[in-house]
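> Coordinates for the following, if possible.
(6 chains)
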Protein chains: 6
Amino acid sequence: MRFDEAYSGKVFIMSRNTHEDADAIIYGMPMDWTVSFRPGSRFGPNRIREASIGLEEYSPYLDRHLEEVNYFDAGDIPLPFGSAERSIDMIRDYVRQIIAKDKFPLGLGGEHLVSWPVLQAMYEKYPDMAVIHIDAHADLRVEYEGEVLSHSTPIRKVCENYGAENVYSFGIRSGMREEFQYAKESGMYMARYEVAKPLAEVLPKLAGRPVYVTIDIDVLDPAFAPGTGTAEAGGISSKELLEAIHLIAKSDVKVVGADLVEVAPVYDPTEKTPIAASKFIREILLGWVKK
Amino acid sequence: MRFDEAYSGKVFIMSRNTHEDADAIIYGMPMDWTVSFRPGSRFGPNRIREASIGLEEYSPYLDRHLEEVNYFDAGDIPLPFGSAERSIDMIRDYVRQIIAKDKFPLGLGGEHLVSWPVLQAMYEKYPDMAVIHIDAHADLRVEYEGEVLSHSTPIRKVCENYGAENVYSFGIRSGMREEFQYAKESGMYMARYEVAKPLAEVLPKLAGRPVYVTIDIDVLDPAFAPGTGTAEAGGISSKELLEAIHLIAKSDVKVVGADLVEVAPVYDPTEKTPIAASKFIREILLGWVKK
Amino acid sequence: MRFDEAYSGKVFIMSRNTHEDADAIIYGMPMDWTVSFRPGSRFGPNRIREASIGLEEYSPYLDRHLEEVNYFDAGDIPLPFGSAERSIDMIRDYVRQIIAKDKFPLGLGGEHLVSWPVLQAMYEKYPDMAVIHIDAHADLRVEYEGEVLSHSTPIRKVCENYGAENVYSFGIRSGMREEFQYAKESGMYMARYEVAKPLAEVLPKLAGRPVYVTIDIDVLDPAFAPGTGTAEAGGISSKELLEAIHLIAKSDVKVVGADLVEVAPVYDPTEKTPIAASKFIREILLGWVKK
Amino acid sequence: MRFDEAYSGKVFIMSRNTHEDADAIIYGMPMDWTVSFRPGSRFGPNRIREASIGLEEYSPYLDRHLEEVNYFDAGDIPLPFGSAERSIDMIRDYVRQIIAKDKFPLGLGGEHLVSWPVLQAMYEKYPDMAVIHIDAHADLRVEYEGEVLSHSTPIRKVCENYGAENVYSFGIRSGMREEFQYAKESGMYMARYEVAKPLAEVLPKLAGRPVYVTIDIDVLDPAFAPGTGTAEAGGISSKELLEAIHLIAKSDVKVVGADLVEVAPVYDPTEKTPIAASKFIREILLGWVKK
Amino acid sequence: MRFDEAYSGKVFIMSRNTHEDADAIIYGMPMDWTVSFRPGSRFGPNRIREASIGLEEYSPYLDRHLEEVNYFDAGDIPLPFGSAERSIDMIRDYVRQIIAKDKFPLGLGGEHLVSWPVLQAMYEKYPDMAVIHIDAHADLRVEYEGEVLSHSTPIRKVCENYGAENVYSFGIRSGMREEFQYAKESGMYMARYEVAKPLAEVLPKLAGRPVYVTIDIDVLDPAFAPGTGTAEAGGISSKELLEAIHLIAKSDVKVVGADLVEVAPVYDPTEKTPIAASKFIREILLGWVKK
Amino acid sequence: MRFDEAYSGKVFIMSRNTHEDADAIIYGMPMDWTVSFRPGSRFGPNRIREASIGLEEYSPYLDRHLEEVNYFDAGDIPLPFGSAERSIDMIRDYVRQIIAKDKFPLGLGGEHLVSWPVLQAMYEKYPDMAVIHIDAHADLRVEYEGEVLSHSTPIRKVCENYGAENVYSFGIRSGMREEFQYAKESGMYMARYEVAKPLAEVLPKLAGRPVYVTIDIDVLDPAFAPGTGTAEAGGISSKELLEAIHLIAKSDVKVVGADLVEVAPVYDPTEKTPIAASKFIREILLGWVKK
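Numbering: from 1, shown residues only, chains lettered A, B, ... in the order given. Below you'll find the model as predicted:
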């Protein structure tokens, strides 16, 4: 190896060296300043990258190899500590650039609020887009203790700005009464507790549509993903989340972007949360990113 | 907020400020001196309280909110270190006071031996009471290495003093041969390995009866609750324990008291054990405490 | 013990049951939303309280017992997540109430920004007050990545609003070049790397003056206090910080308030950081709170 | 107890004091020098022994007690750090001695490469032996980054030297494309993702044959066994592995030896991995070792 | 290596295979049932043994090699959980046997109460013996919350039964006022905060006398030994404790026995406490055990 | 920020984007396959990089800012797992390239054996070079359990190949008797236990000479750096190591290269070891790299 080949630090395994020909861009959003319980997801993106070095590059589930997908890990957006508003603006601008070049944005969180500016950018390009939301929490609050910019509000914002009928939530097992009422009355779709089974029913209805998928790692039971801020007992297994990813991969929806958020490594000294997350990212790259 | 409003330290989320009108009393029993493997459950009650601040106050499972239940968290009983005998006396007296005022005692352990004096007090008031015991271990020993006051003996004591036919154990997957033989011969009910399914069968038989429920967190697989002294592989999931709690809530038994024991936080740096325990306590409050 | 005696949850050891006659008020400021490296100090106050139960109530250093000091632990101020501005307002109001009743405010952080509103309130009452600042970091930034409300700015704010000549910093070993230049030019006092020796020299000059002391736990080397957000190698020992507390106790300054900030328990599974912090709080109560 | 009774250090619970009459020999292989991701399994054997003190000596699954099986824990083979070749030679010689005396070798790993010399020794004695391989990884590589002695190659070596048709793999969910192709073409048996169900189908075909069973703890999902080097999301539960052990115990195969490998304690501060492993070893002793 | 050479489990590095010719006996006392804060020292002895495998067998401090000292690690005394009284009787009997054969007893704790029965046995043989006590805590209580058998009482018992003038305490920085008063009035020697310097002054006075040394690991600052139940900030460094051990080794006292207690591994995931303890044991073996 | 600006993953803070004009090259050597106690230093380099984001870019010790030094972090050399021989060849070749362009090589380990090939390359260019070796261990073994390529041998190799009189070791407190004898007889310099004081004496003798400095993080006491494989109680403080770095910076030696090895993050959940290491690297960059 030549030292001037600029093998630069730590990126997701098999990231290409340049964004030029990449079909997908991996990027981190290291923000956790609005979380209400345990902060720490700002360190999520880099630990997912680190864990990726333990992965096989081939998936026996999808019979596909990472060399068949052209992607570039662009690193983390340098978000300003403590300022939700400015962070959101930076993320929105950043994603606009990615999709302006027709690349697939694959975001790593950070708290769930980061998905909101991403979705704003996505809707500019794909007005008829549906959102698949996989999470333990409804994230349908109007505000949280007076703050409208909170990790508990992003899905509500999507419903209100782009139509609740375009939002499909899965695995929800926590929220305020008002959130569950809103889910019922607003016209959005919400599957409680389960993911794979209801998803299999919903996917045919979305055939042909552009779809953005946002996954909060806390949809998993804390047994599988303890490294997250707001762990919630009674969740699904890693197996079921893998199945969900594969269902989407094999469906007729057109995935146009995705994110995986809320990995907070410090609460998981076993590292199994970033290890699992890196595998989900591999399966997303192999299953959702098409030429 | 006025500083003299005496917002005092850490209590279970939404605890009322006074016991006067409370229907239920939460209290801790920080004792672990007779455990045979890994001590540490003395710190269980306070970590369950701490974890409760991450909870939603509403349960989508039961469609009920904590403001609909009037309860008071009375703190921990100051038990004397190393003295099982004196600790047991203090607990018995303490619970007698709670039930003398017709309040629902909801105890947080501490090792499982703490349930014995609670049950003594309960039987004084409810002589026809049945006991639902959810645990990995039979806890049917006569003694443990010569000690009759041991965390392995409380259920045996109940059988012998109040009738084995009133005891219903679920989830049992560990014990001595003698304990399983006793279970067969004594007339008690014991379901091995499983909880929700056999419970659904048993509950109708207990309709109308006063029932005390004691849950040892180690009934869960260590995947779901590693923070316990005597972890035992091959257990149930958090989902199944939630289901069990909801089955009881929706049954026709009359729950008159309950405890959740053996949370030992130091063995779980992820905090998922106290986080799960605090959710179980929320569901117990919402499902079992009636006016 | 009677169950209705309202032994309520977790407070600092030997806290009295009411604020009425208390000479000092312990209160928590669970805020960490502007930290630039590792968040988590929002859980500091309660873990310091929890660790206090392992303390002896008597200090052989000062030959004094906690029963000789009348203090009340008022719990945590319920600060709104993610909003530095509103949090600061709440803290300022809260402390105003304490000093309006001539009580000694003893604050537990939380990030260091919390000291700013405390000091604003203190200066309203004690315009001639000096500030003793014990910390690894200068905290003299004008802003941090565009934010004027940041954990790196509180001491600068004090200098600019109340006179740099009233600020005495000790133990400083980290900061921007601009901060060290400001320290030199502004007229404030700054001792680099060391605490006890320069403090012994400075204290006689402050004799008779009202003094507020703010201690950032990261003045200790990470060997002694790893549980903090911005650990900085090359710090002082616990022994030296104890010596500093005792020097102040035996000096002729009139301590009118104090805080201890930046304990972030999740980075210290050994718990030695909150254990040490609880001992510092004991010595502060015994040494600085006078009738 | 007399001090000269040579109660010697830490051995698996109820190990007899001498190998003379033992039917089974437990031995450790503390080697991890060829692992590609996270090393540390060299400490596996002793932590499994330590965890065994928390076990009941009776199995309610098999209705058998450890006093009914005569086994001796011989400690760890003192393998030379960093030398795979010399370690392999030592292990092969060691196991030859055990089986020369018709004892059942029960090995504790260490990385999976240790199974290769064990199997060489076993095939010398049992040329018609079948191998049951329970693992997350195919371990069918020819070499790993140029090294033929790697923890990724042992099963390939067995196939090539003793006939792929004698190898039965279960639970496989990770590997290179070439490994899965080899599995298909070579004539070996491979069940992906699942263990208990396919095993129930395969066991009757092996009736009467000598069988060696090698278990890599990473067949479990990291939820159940995070303490392993190459954790792989999407695995089976402890319950399913217990079921597999019991299926084999109740089948008509003749188990002639076994090992459990890849327990790396440092990645599991909860200790649930060695705790589970010690239970698996108990069930193996009770179910597979016959007079 | 032959498998029947009975390399048995885990013992302190270079332990001989038999007690017959041994000059010193290492033995564990895995008891922690009377501790008032954090239990867990029952696992101390075995983790000290485990850590010893990382030691060099030669000491550059003493220029001596472990092969020059003949010692046998006899394992742990199987103490009954939760019964302080019976445990104490077992320990006393056990040590009597060791000294009956003129061997040096080197005990590993366990809580500090274990030193009491050891000292009773020692005084039977050496009535003119002095005790050197190195600890953070005075351990001079008469009782602890009503219990006379407590980890806070052993040194008081020694003073009262064998003469306070024979007790020399070093490093003390915690206790009740009554304990410090007793220290002053009883005629015992107590050095506060420091160890090496006062020890150098005291040792010449003890020249020629038989001396027993009991070391509580918490004399070290938690920076050096966080893995202990009652960590106490403001302690000495590992370097100073090594110096103290070497001072005793080079003095003219005749050390007749020793123990090192209160290592509680679970509070130290870095393992530095048992690692340091194993080094202290090596230096004790090399420096204090004479033919 | 533009997404195509290739902000690439994780590098040491303020690394320039290209090696072209860099005066120093930071590179990682993620190898730990010959360690005798606890492996894991392969993850050292990347965790040092991660921790660097918490650093100030300015040093008050040296009054210099990282923008004043032009350096490039080239990432890790992709070393083959388990093969010491091939790894050594790769490292030697890699470093030859760096010094061929007259750049300062600043290596991050990995185990200490990695320094051997670096030093071979350095001596090719600087035949009159001296080596400053700061470590807890002598590393003067001829072989370790039969292996000549071991982390215990690099300094011996230097002595034998380039002259023992060119080697200056500091802080040594562990090794075999033979190593200390060799140190005495071979003509090398060895200072036991201490670093700063003897270094201050030695440096003037080396004035004007090219010097390579190799630092093993375990020279620090485990209190300051528990995250290392072979922790050794009784070491120096972070303060003393900082002082040593500054002594060299201010001396008249010409530092031509350096490395910092043996950071093993998994043994330090507090992260204080990589946090301290990143500060040492900053001071080395600011103090030793000259134009």
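> Packing partners of the helix or strand encompassing residue A:282?
In the assignment (DSSP states H and E), residue A:282 maps to helix A:272-288. Contacting helix A:272-288 under the criterion 3 or more C-beta pairs under 8 Å, 6 or more residues apart in numbering or on different chains; DSSP states H and E are the following elements: helix A:44-51, strand A:58-59, strand A:64-65, strand A:104-109, helix A:238-250, strand A:254-261. Every C-beta, even on glycine, is put in place using the N, C-alpha and C of the backbone.
> Redo the ones you listed as CSV? Include mean pLDDT.
Shown next, in CSV, are those (pLDDT from 0 to 100):
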stretch, mean pLDDT
helix A:44-51, 94
strand A:58-59, 98
strand A:64-65, 97
strand A:104-109, 97
helix A:238-250, 98
strand A:254-261, 98
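> Reformat the ones you listed as a markdown table; add distance to residue E:54 and mean neighbour count.
What follows is those, written out as a markdown table (distance: least, C-beta to C-beta, whole Å; neighbours: other C-beta atoms under 10 Å in any protein chain shown):
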| stretch | distance to residue E:54 | mean neighbour count |
| --- | --- | --- |
| helix A:44-51 | 26 | 27 |
| strand A:58-59 | 38 | 22 |
| strand A:64-65 | 41 | 17 |
| strand A:104-109 | 38 | 25 |
| helix A:238-250 | 35 | 21 |
| strand A:254-261 | 39 | 23 |
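> Using PDB, write down the CA coordinates of the helix holding residue A:282.
Extracted in PDB, the C-alpha atoms of helix A:272-288 (Å, rounded to 0.1, in the frame of the first residue of the first chain):
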ATOM      1  CA  LYS A 272     -24.300  -4.800  19.400                       C
ATOM      2  CA  THR A 273     -26.400  -1.800  18.500                       C
ATOM      3  CA  PRO A 274     -23.900  -0.300  16.000                       C
ATOM      4  CA  ILE A 275     -23.000  -3.800  14.800                       C
ATOM      5  CA  ALA A 276     -26.700  -4.500  14.000                       C
ATOM      6  CA  ALA A 277     -27.100  -1.000  12.500                       C
ATOM      7  CA  SER A 278     -24.200  -1.500  10.200                       C
ATOM      8  CA  LYS A 279     -25.800  -4.800   9.000                       C
ATOM      9  CA  PHE A 280     -29.100  -3.000   8.300                       C
ATOM     10  CA  ILE A 281     -27.200  -0.400   6.300                       C
ATOM     11  CA  ARG A 282     -25.500  -3.100   4.300                       C
ATOM     12  CA  GLU A 283     -28.900  -4.700   3.500                       C
ATOM     13  CA  ILE A 284     -30.300  -1.300   2.600                       C
ATOM     14  CA  LEU A 285     -27.500  -0.600   0.200                       C
ATOM     15  CA  LEU A 286     -27.800  -4.000  -1.400                       C
ATOM     16  CA  GLY A 287     -31.600  -4.100  -1.500                       C
ATOM     17  CA  TRP A 288     -32.800  -0.500  -2.000                       C
END
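> tell me the mean pLDDT over it?
Average pLDDT, helix A:272-288: 98.
> who wins for proximity to residue E:279 among the helices and strands packed on helix A:272-288?
Among the helices and strands packed on helix A:272-288, helix A:44-51 comes nearest to residue E:279, with 32.8 Å by C-beta to C-beta.
> Just give the number of residues close to residue A:165.
Neighbours of residue A:165 under the rule other C-beta atoms under 10 Å in any protein chain shown: 12.
> ah, wrong one, I meant residue A:85
Applying the criterion other C-beta under 10 Å, we find 9 residues in the vicinity of residue A:85.
> Isn't it up against residue A:147?
No. Using C-beta atoms under 8 Å, residue A:85 is not in contact with residue A:147, being 10.5 Å away.
> In chain A, where is pLDDT below threshold?
The model of chain A has pLDDT under 70 over residues A:1-9.
> interface residues of it facing chain E?
By C-beta under 8 Å from any C-beta of the partner chain, the residues of chain A that approach chain E are residue A:269.
> Chain A: strands as residue ranges?
A:24-29, A:58-59, A:64-65, A:71-76, A:104-109, A:130-134, A:167-172, A:189-192, A:210-216, A:254-261 (DSSP state E).
> Show me which residues of stretch A:148-157 are buried.
Buried residues in stretch A:148-157, defined by neighbour count with 16 or more other C-beta atoms under 10 Å in any protein chain shown: A:149, A:150, A:151, A:152, A:153, A:154, A:155, A:156, A:157.
> how near is the residue in chain A that chain E sits nearest to to chain B?
Taking C-beta to the nearest C-beta, chain E has its nearest neighbour within chain A at residue A:269, 7.4 Å off. Distance of residue A:269 to chain B, computed by C-beta to the nearest C-beta, to the nearest Å: 5 Å.
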